[in-house]
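Visitor: fold the stuff below for me.
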Amino acid sequence: MTSRKRLSPEESRNTALEAARTLLIETGPQSVTLKAVAARIGRTHANLLHHFGSASGLQKALAGYLAQTVCETIAEAVRASRAGIGNPREVVDLTFDAFDKEGGGALASWMLASGNEDALDPIIETIHALVDELHPEECGSDAELKEMHQTTLTLVLMALGDALMGAPLAASLGLKRDTAREEAVKLLSGSLAQMAGLAQDCCD
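Guide: Down below sits the predicted model:
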């Protein structure tokens with residue numbers, strides 16, 4: 001009989017959030033409960049209650065966890081695009097996948113419908129932090145930062161809307177499923193070009 005590895009509080013919390021993320025992707029947001037996550041990782045309901053306080057606390061923590069992990073990946077893609085070794089399509093796909101394949105859109109809408117009005121706070125705060133972190137302070141202008149904020153707002157709203165109703169809407173209009181992504185690529189490409197021009201102007 002093997003003993004169960006003792007995890008640090010942070011490791012235990014992250015293990016629970018990764019299990020919650022898997023449940024979200026596999027069976028939807030309604031399955032992300034303390035009981036289900038505890039069963040998935042072989043812990044007790046009391047253990048999960050200690051870490052998250054309630055089911056809504058778990059779901060809010062999951063929203064923040066998703067936002068953080070996805071934003072880190074998006075940040076790397078944006079930096080690669082700036083360096084000429086990536087492209088805007090990668091950034092768009094990561095953003096759209098976060099709300100679609102990774103379940104972020106379904107989680108956010110379900111939490112809001114359940115009355116958790118601050119459900120989107122972790123996502124909003126993390127995305128805002130990402131935008132500010134990617135803003136080159138050494139020569140960034142207010143105009144450049146405003147352009148980044150506007151582009152981020154539009155891109156995230158497009159990704160969220162596409163996750164929730166993109167497939168049936170595209171089908172009803174006789175359009176390809178990835179039409180919204182293609183439009184987002186055009187938006188981001190134009191925005192990156194404009195920001196590059198603004199950065200050059202303020203650095204000259």
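
Visitor: make it CA atoms for all contacts and neighbour counts henceforth
Guide: Fine.

Visitor: what about this structure, any weak spots by pLDDT?
Guide: By pLDDT under 70, the weakly predicted segments of the chain are 1-5, 7, 82, 86, 117, 119, 133-141, 195-204.

Visitor: swap the cut-off to 90 and go again
Guide: By pLDDT under 90, the weakly predicted segments of the chain are 1-12, 21, 24-32, 43-47, 50-51, 54-95, 97-157, 160, 187-204.

Visitor: any idea which residue sits dead centre in this protein?
Guide: residue 67 (3.8 Å; Cα atoms, centre = their mean).

Visitor: does that residue touch residue 126 like I think?
Guide: Yes - contact criterion Cα atoms under 8 Å: residue 67 and residue 126 qualify, at 6.1 Å.

Visitor: so who does residue 52 touch?
Guide: Contact analysis of residue 52 by Cα atoms under 8 Å, 6 or more residues apart in numbering lists 58, 61.

Visitor: go again with 10 Å.
Guide: Residues near residue 52 by Cα atoms under 10 Å, 6 or more residues apart in numbering: 13, 16, 34, 46, 58, 59, 60, 61.

Visitor: the closest residue to the fifth one other than its chain neighbours and residue 115, how far apart?
Guide: So that's residue 58. In space, and not counting its chain neighbours, residue 58 is closest to residue 52: 5.2 Å by Cα to Cα, 6 or more residues apart in numbering. Distance of residue 52 to residue 115, computed by Cα to Cα, to the nearest Å: 18 Å.

Visitor: also residue 89?
Guide: In terms of Cα to Cα, residue 89 sits 35 Å off from residue 115.

Visitor: comparing the two, which residue is more hemmed in?
Guide: residue 89 (18 against 10; other Cα atoms under 10 Å).

Visitor: now do that one against residue 44, distance only.
Guide: Distance, residue 89 to residue 44, by Cα to Cα: 42 Å.

Visitor: residue contacts, the nearest residue to residue 33 once chain neighbours are set aside?
Guide: Spatial nearest neighbour of residue 33, excluding adjacent residues (Cα to Cα, 6+ apart): residue 55 at 5.6 Å. By Cα under 10 Å, 6+ apart, residue 55 lies in contact with 32, 33, 34, 35, 48, 49, 61.

Visitor: roughly how far apart are residue 55 and residue 94?
Guide: Using Cα to Cα, residue 55 is found at 27 Å from residue 94.
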